[in-house]
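Colleague: Need a 3D model of the sequence below.
(2 chains, ligands or ions: 4)
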Amino acid sequence: MSDEEKKKKKKKKKKPQGPNKLKVKERMKLPRQDMSNQEPSVRCKNFDEVPLGFTDEQAFQEALRCLECPKQPCVAGCPVEIDIPGFITLIVAKDVAGAARKIKETNSLPAICGRVCPQEEQCEIVCVTGKNNKPVAIGHLERYVADYERDNKLVKLPEIAPSTGRKVAIVGSGPAGLTVAGDLIKLGHAVTIFEALHKPGGVLVYGIPEFRLPKSIVQAECDFMADMGVDFQLSTVVGKMDTIDELFEMGYDAVFVGTGAGLPRFMGIEGENLIGIYSANEYLTRSNLMRAFDPDDYDTPIIQGKNIAVLGGGNTAMDAVRTGLRLGADNAHIVYRRSETEMPARIEEIHHAKEEGIQFHMLCNPLKFIGDDQNRVKEMECLRMELGEPDDSGRRRPVPIEGSNFIIKADLVVVAIGNGSNPLIPQTTPGLDCNKWGNITVNDDTMATSRKGVFAGGDIVTGGATVILAAGAGRKAARAMHEYLMKEVKK
Amino acid sequence: MPKVVDNRQIGPMIWKMVVETPRLVSKAKAGQFVILRVNEHGERVPMSIAGLDRDKGLLTIVYQVVGKTSALMTTVKVGEEISDCVGPLGLPSHVEKWGTAIVVGGGIGIAPIYPIAQAYKEAGNKVITIIGARSKDLLFYEEEHKSVADELHVCTDDGSYGHHGFVTDPLKKLLDDGVSIGMIMTVGPVPMMKFLSNLTRKYKVPTWVSLNPLMIDGTGMCGGCRVQIGDETKFACVDGPDFDGHLVDFDLLTARLGAYRQQERKAMKHLLGDPGCNLAESVRKFKYPDEQSGTE
Ligand SMILES: Cc1cc2nc3c(=O)[nH]c(=O)nc-3n(C[C@H](O)[C@H](O)[C@H](O)COP(=O)(O)OP(=O)(O)OC[C@H]3O[C@@H](n4cnc5c(N)ncnc54)[C@H](O)[C@@H]3O)c2cc1C
Ligand SMILES: Cc1cc2nc3c(=O)[nH]c(=O)nc-3n(C[C@H](O)[C@H](O)[C@H](O)COP(=O)(O)OP(=O)(O)OC[C@H]3O[C@@H](n4cnc5c(N)ncnc54)[C@H](O)[C@@H]3O)c2cc1C
Ligand code: SF4
Ligand code: FES
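Modeller: Ligands and ions are numbered 1, 2, ... in the order given. Modelled structure (predicted):
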């Protein structure tokens, strides 16, 4: 941490003389505001966003609950250390645009993070109000602030430093790549993003469904980057079109690799290639990026199962099963080999899925898929499991119960058991070191790879993680890349 | 956005499109493919590279009208732009100096086999080319192939031109004659590739087939293009599209290609029934031959 940052941190610690006139005791008793949601019976038939957002009054009432703690445990809980009490106080002062600017000091994608971050295990879990009452709804407030700013057209282009004459290439337009782009363009570097797909946003556009993250919001963020001067080269696969070495030959001074996880995993069991068995990536890409849920307007088809079974327990599995329900399934099942406590999905998503009538089958694992005479999947044989000793991940290991085989009827199966890393860049970039899982290895402080001038971050480094961690890695990389560009690249 | 510099009909349901995309062309090799999107609401359709003009930066594809998107492609006028052309995708065809190599193209596969034949020739091979179609009017690119091949065999199923019979007939004759063959490469409809592979397996001649499963991203991300090769599941877009024909599960490929048949027919009917649709007459008369499979 630089001295300046340390000073800033100190300053933050002073108790703000905020506009919140309530006594701490009074604040602690205020009830948490509930964000209203679309009715489960209605929303399971449409792709509109499920939570409807705070009203101005709700946001104000919720903001009053923050104790403005001197120790600010919430800030430490946030992977990018948003000045949480700082922005909440500005909501109390009714300076919502100011609150948005405050958040953007450390997080450039608040409308997105406000919707998809696992706040319950980051900032909210440590919130002091949560000790005797429910924690402050930090995520909902973040979303409110970002939406308010966008809806009221208060987003202002930041100041852009004079041109440094340096050129940067970014591979991949997910949260990691977008963050690097936003940070470096502000510092006066010329930035080009290369994206393999025809729309920017990475998982935010092809993976996370409309009902959780409207695509117009991601597009607004990308448009904002373009307005700042970021050049988007869509439909361009680096490693196929140009290799990283060729990007340097073309005059780029540094490269950031943010290509995400990609490469779906399958289980390697019998019948896995039957028609009607999708990877989550394919299923969600068809529905989200290619908008197969809107067949009147878009051409890409998707199989509409009556009985959908989704294998896995993460956010991806929840997204897939809820998409299946919305596309017309009568029965939508989650099949997960551990118990609900081990499920990696966000609690809010599990809760929403249950409300919508998703059936959860815990502690069971598929053995094989059975097809009909046309090679279409019709059912799945499963085995029940019990929990044994904890494994490397610290989670209790599922152990099969002999002879507990049973059948689940399914004409559509989505495999959502995680993604491996896409080998395209490592394969075409000599000297780029990877670990045994194919993830690019970096210096944790600078995100520098083994190749000079090449930095990397996000899922391609960590394996499947979260939006905010990808954005945080991007921010770290941008800082180091700026330093590299100004010191090491001679002009 | 890539500009279309030529788009013309070269057979009953067969069209040729030339797209200006210099950067892509400078990187592309025979055997690779591109993914096109005609317009904002369109599907992503993979198309094999059927010609590269490196000086002018032009890419040629030859396509068959089989559904809504390929029908829409026929309506793009010269000088207009299409939304996307991504590539070059997939691995280039394996090229070596074997001595004698045979390339076999069936139906629409006659086109992509042409740049592969050129590459084989450039590597110093004697190239024997076999092309075939259901009937004379479905044949094209004969002159092009003549200019490359050391020996050219032309077949039609109905005998309306060239040898009367399938492409496997002249191939079997060559194999029976004991011609020493280093490699056989084939692109065509799935049943043709299957029968051809079954034939050459008996003669133990290495045989490559170019597979055409359904694809979305073409970068290995979705897993939709998975094909069964021996005991392994491979992704055709990154591990292929060329595979050892003796190991491919063609029946599964056929089944998976038909996954959306009903939905696609509905879309096509909808399109042709729309009075505002300005597709060429030949496309309007379009009918699905029910035995049709894959791209044939
Ligand atoms: C269905 C689903 C739901 C999720 N839900 C949540 C959630 O609720 N909360 C949360 O925090 N996280 C969630 N995640 C995880 C989160 O989305 C990822 O951790 C995050 O998007 C990673 O960001 P990234 O920038 O590293 O890569 P990505 O978002 O994966 O973006 C990578 C981009 O690079 C492009 N690319 C790849 N290779 C190339 C190449 N060679 N050339 C050019 N471009 C290339 C890809 O097309 C892609 O657009 C979810 C993930 C999925 C799949
Ligand atoms: C690597 C590769 C190279 C290809 N090269 C060519 C080529 O050079 N010329 C050509 O005419 N076609 C080629 N194809 C097939 C072409 O992509 C499809 O014919 C096209 O996508 C059909 O789109 P459609 O909307 O017109 O038809 P649809 O209405 O979508 O489908 C009609 C029929 O085509 C089959 N089909 C649909 N999509 C695909 C697909 N992506 N791949 C294969 N079959 C499909 C379906 O089984 C269906 O029965 C290639 C496919 C691949 C994977
Ligand atoms: S921990 Fe909770 S109450 Fe304390 S400052 Fe953070 S949000 Fe406010
Ligand atoms: S097309 Fe998606 S993995 Fe091959």
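Colleague: contacts, neighbours, all on C-alpha from now
Modeller: Will do.
Colleague: Strands of the stretch 151-296 of chain B, start to end?
Modeller: Remark: strands assigned in the stretch 151-296 of chain B by DSSP state E, counting those that start in this stretch are B:151-156, B:163-164, B:183-187, B:207-210, B:226-229, B:232-235, B:242-244.
Colleague: Now tell me what touches stretch A:94-106 from outside.
Modeller: With contact meaning CA atoms under 8 Å, 6 or more residues apart in numbering or on different chains, stretch A:94-106 is reached by A:60, A:80-84, A:86-88, A:90-91, A:110, A:142, A:145-146, A:148-149, A:154.
Colleague: ugh, wrong one, stretch A:283-303
Modeller: With CA under 8 Å, 6+ apart as the criterion, stretch A:283-303 contacts A:199, A:205-210, A:276, A:319-320, A:323, A:327, A:412, A:414, B:41-43, B:69, B:216, B:222, B:260, B:263-264, B:267.
Colleague: What of stretch B:95-107?
Modeller: So stretch B:95-107 is contacted by B:110-113, B:116-117, B:119-120, B:123-134, B:138-139, B:167, B:180-189, B:192, B:296 (CA under 8 Å, 6+ apart).
Colleague: Buried subset of these, written for PyMOL?
Modeller: Burial among those is assessed by 16 or more other CA atoms under 10 Å in any protein chain shown; the matching PyMOL selection reads:
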select buried, chain B and resi 110+111+112+113+116+117+119+120+125+126+127+128+129+130+131+132+133+134+138+139+167+181+182+183+184+185+186+187+188+189+192+296
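Colleague: Save the strands of the stretch 151-296 of chain B as JSON lines, and put in mean pLDDT and distance to residue B:83 too.
Modeller: JSON lines is the format used below for these (pLDDT from 0 to 100; distance: least, CA to CA, whole Å):
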{"stretch": "strand B:151-156", "mean pLDDT": "94", "distance to residue B:83": "37"}
{"stretch": "strand B:163-164", "mean pLDDT": "89", "distance to residue B:83": "42"}
{"stretch": "strand B:183-187", "mean pLDDT": "95", "distance to residue B:83": "27"}
{"stretch": "strand B:207-210", "mean pLDDT": "96", "distance to residue B:83": "26"}
{"stretch": "strand B:226-229", "mean pLDDT": "93", "distance to residue B:83": "26"}
{"stretch": "strand B:232-235", "mean pLDDT": "92", "distance to residue B:83": "25"}
{"stretch": "strand B:242-244", "mean pLDDT": "96", "distance to residue B:83": "27"}
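Colleague: Those into CSV, with extra columns for distance to ligand 4?
Modeller: Output for the strands of the stretch 151-296 of chain B, formatted as CSV (distance: least, CA to the nearest ligand atom, whole Å):
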stretch, distance to ligand 4
strand B:151-156, 33
strand B:163-164, 37
strand B:183-187, 18
strand B:207-210, 14
strand B:226-229, 7
strand B:232-235, 5
strand B:242-244, 13
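Colleague: Please name whichever of the ones you listed is nearest to residue A:44.
Modeller: Closest approach to residue A:44 among the strands of the stretch 151-296 of chain B is made by strand B:226-229 (30.8 Å; CA to CA).
Colleague: looking at chain B, which helix or strand is least sure?
Modeller: helix B:281-284 (a mean of 65; mean pLDDT, DSSP states H and E).
Colleague: wouldn't residue B:257 be in contact with residue B:215 here?
Modeller: No: taking CA atoms under 8 Å as the definition, residue B:257 is not a contact partner of residue B:215, at 10.1 Å.
Colleague: excluding its backbone neighbours, what's nearest residue A:454?
Modeller: residue A:255 (4.8 Å; CA to CA, 6 or more residues apart in numbering or on different chains).
Colleague: Would you mind giving the secondary structure of the one you found?
Modeller: strand (DSSP: H, G, I helix; E, B strand; the rest coil).
Colleague: thinking it is in contact with residue A:169, fair?
Modeller: Yes: contact criterion CA under 8 Å: residue A:255 and residue A:169 qualify, at 4.8 Å.
Colleague: Near ligand 1, which residues of the stretch 251-400 of chain A are found?
Modeller: By CA under 6 Å from any ligand atom, the residues of the stretch 251-400 of chain A that approach ligand 1 are A:258-261, A:315-316, A:319.
Colleague: any weak-confidence spans in the chain?
Modeller: Since no chain was named, I'll use chain A. Scanning chain A for pLDDT under 70 picks out the ranges A:1-17, A:490-491.
Colleague: To clarify, I was referring to chain B.
Modeller: Using pLDDT under 70, chain B drops low at B:275-296.
Colleague: what residues does it put near chain A?
Modeller: B:23-24, B:27, B:41-43, B:69, B:84-89, B:216-217, B:219-224, B:226-228, B:252, B:255-256, B:259-260, B:263-264, B:267 (CA under 8 Å from any CA of the partner chain).
Colleague: again, only this time at 7 Å
Modeller: B:24, B:27, B:41-43, B:84, B:86-89, B:217, B:220-224, B:255-256, B:259-260, B:263 (CA under 7 Å from any CA of the partner chain).
Colleague: Show me which of those residues are buried.
Modeller: The buried subset of the residues of chain B next to chain A (16+ other CA under 10 Å) comprises B:24, B:42-43, B:84, B:86-89, B:217, B:220-224, B:255-256, B:259.
Colleague: Which residues of chain A lie near chain B?
Modeller: A:197, A:235-237, A:240-241, A:262-264, A:275, A:278-279, A:281-282, A:297-301, A:374-375.
Colleague: Now the buried members of the residues you listed.
Modeller: Looks like the residues of chain A next to chain B have A:197, A:235-237, A:240-241, A:262-264, A:275, A:278-279, A:281-282, A:299-301, A:375 buried, using 16+ other CA under 10 Å.
Colleague: now, which of these lie within helices?
Modeller: A:281-282 (DSSP state H).
Colleague: quick one: contacts of the helix or strand where residue B:24 lies?
Modeller: Using DSSP states H and E, residue B:24 sits in helix B:22-27. Residues outside helix B:22-27 that contact it (CA atoms under 7 Å, 6 or more residues apart in numbering or on different chains): A:241, B:52, B:54, B:57-59, B:87-88.
Colleague: tell me which of these is nearest to ligand 3?
Modeller: Using CA to the nearest ligand atom, residue A:241 comes nearest to ligand 3 of the contacts of helix B:22-27, at 47.0 Å.
Colleague: quick one: contacts for the closest one?
Modeller: Counting by CA under 7 Å, 6+ apart, residue A:241 has contacts B:24, B:27, B:87-88.
Colleague: quick check, the helix holding residue B:24 touching ligand 1?
Modeller: No: counting by CA under 6 Å from any ligand atom, ligand 1 is not contacted by helix B:22-27; separation bottoms out at 13.7 Å.
Colleague: what kind of secondary structure is the spatially most central residue of chain B in?
Modeller: In chain B, the residue lying closest to the centroid (CA atoms, centre = their mean) is residue B:109, at 3.8 Å. Using three-state DSSP, the structure places residue B:109 in helix.
Colleague: where does the closest residue to it other than its chain neighbours fall, phi/psi-wise?
Modeller: Nearest residue to residue B:109, sequence neighbours excluded (CA to CA, 6+ apart): residue B:188, at 4.3 Å. Listed backbone geometry of residue B:188 is phi 170, psi -170, with angles given as degrees, to the nearest 10.
Colleague: Pretty sure residue B:188 sits against residue B:108.
Modeller: Yes: the pair residue B:188 / residue B:108 is scored as a contact, 6.5 Å apart, by CA atoms under 7 Å.
Colleague: Stretch A:436-451 and ligand 1, any residue contact?
Modeller: No: Stretch A:436-451 does not reach ligand 1 (CA under 6 Å from any ligand atom); its nearest approach is 11.3 Å.
Colleague: what's in contact with that stretch?
Modeller: Residues contacting stretch A:436-451 (CA under 7 Å, 6+ apart): A:421, A:423, A:431-435, A:454-457, A:460-463, A:476-477, A:480.
Colleague: Check which residues of that stretch are buried.
Modeller: Buried residues in stretch A:436-451 (16+ other CA under 10 Å): A:438-442, A:446-450.
Colleague: Roughly how far does the residue nearest to residue A:355 when sequence neighbours are not counted sit from residue A:346?
Modeller: Using CA to CA, 6+ apart and skipping residues adjacent in sequence, the residue nearest residue A:355 is residue A:40, 6.1 Å away. To residue A:346, residue A:40 is 18 Å away according to CA to CA, to the nearest Å.
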